[in-house]
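>>> kindly generate the corresponding structure for this input.
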Amino acid sequence: MSFYHAFEGIWNTIKEESHLRFHISLAILITIFAYFYGITKSEWAILFLTIGAVISSEIINTAIERTVDTATNEILPLAKRAKDAGAGAVLVLSITAIVVGFCLFGNVDRIINTLTLIFTSLKILIPCIILGVLLLVFVIFGGTNDR
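Residues are numbered from 1 along each chain as shown. Just a heads-up that it's a prediction; the model follows:
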């Protein structure tokens, strides 16, 4: 039963938070790039831990926002600080994820080779373009955005 509630919480957050849909979409694109880039098993572990941490922090931030919104309808300084702290945590983790990305994908020659592979093979490029368009639609129109 607790798994049901956990998945319901994840699903509701995906539907209601465009920032989470953005993070999920970016994670999918980065995962595809990592596949063609050819990262090692340990680098995959680091990548997935980082993605999981960023997505989890966004869900936790949403929980903080909902809790504060439930506690008061007034604009209170402490309520604002709580929301700002949650958003700050997401920002810190997102910046950390960018640093991890530089560490994992820091070889410029490999980046160029990977992009050349993707953009010169229609078998790879067309599905990537279709996926990119679908993810854009998912981010913009994929939720209810009504709390």
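>>> stretch 33-49: which residues count as buried?
For stretch 33-49, a neighbour-count test (16 or more other CB atoms under 10 Å) marks 33, 34, 36, 37, 39, 43, 47 as buried. In this view, the C-beta of every residue, glycine as well, is placed from N, C-alpha and C.
>>> what comes into contact with it?
Residues outside stretch 33-49 that contact it (CB atoms under 8 Å, 6 or more residues apart in numbering): 30, 31, 100, 104, 105, 110, 111, 114, 117, 118, 124.
>>> and it, end to end?
Taking CA to CA, to the nearest Å, stretch 33-49 runs 17 Å from one end to the other.
>>> stretch 64-82 too?
Note: stretch 64-82 ends 7 Å apart using CA to CA.
>>> and that stretch, what's buried?
By neighbour count with 16+ other CB under 10 Å, stretch 64-82 contains the buried residues 64, 65, 68, 79, 82.
>>> so which of those residues belong to helices?
Among those, the members falling in helices (DSSP state H) are 64, 65, 68, 79, 82.
>>> how about TSV for the residues you listed, with pLDDT and distance to residue 55 added?
Listed next are these as TSV, based on pLDDT from 0 to 100; distance: CB to CB, whole Å:
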residue	pLDDT	distance to residue 55
64	95	15
65	93	16
68	93	21
79	90	25
82	92	21
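>>> who touches the residue nearest the centre of the chain in this structure?
Central residue of the chain (CA atoms, centre = their mean): residue 23, 1.9 Å from the mean position. Residues in contact with residue 23 (CB under 8 Å, 6+ apart) are 54, 55, 58, 94.
>>> make it 10 Å
Going by CB atoms under 10 Å, 6 or more residues apart in numbering, residue 23 touches 17, 51, 54, 55, 57, 58, 59, 90, 94, 97, 139.
>>> I only care about the contacts of stretch 33-49 that end up buried; give me the ChimeraX line for that.
Restricted to buried positions by 16+ other CB under 10 Å, the ChimeraX selection for those reads:
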select :30,100,104,105,114
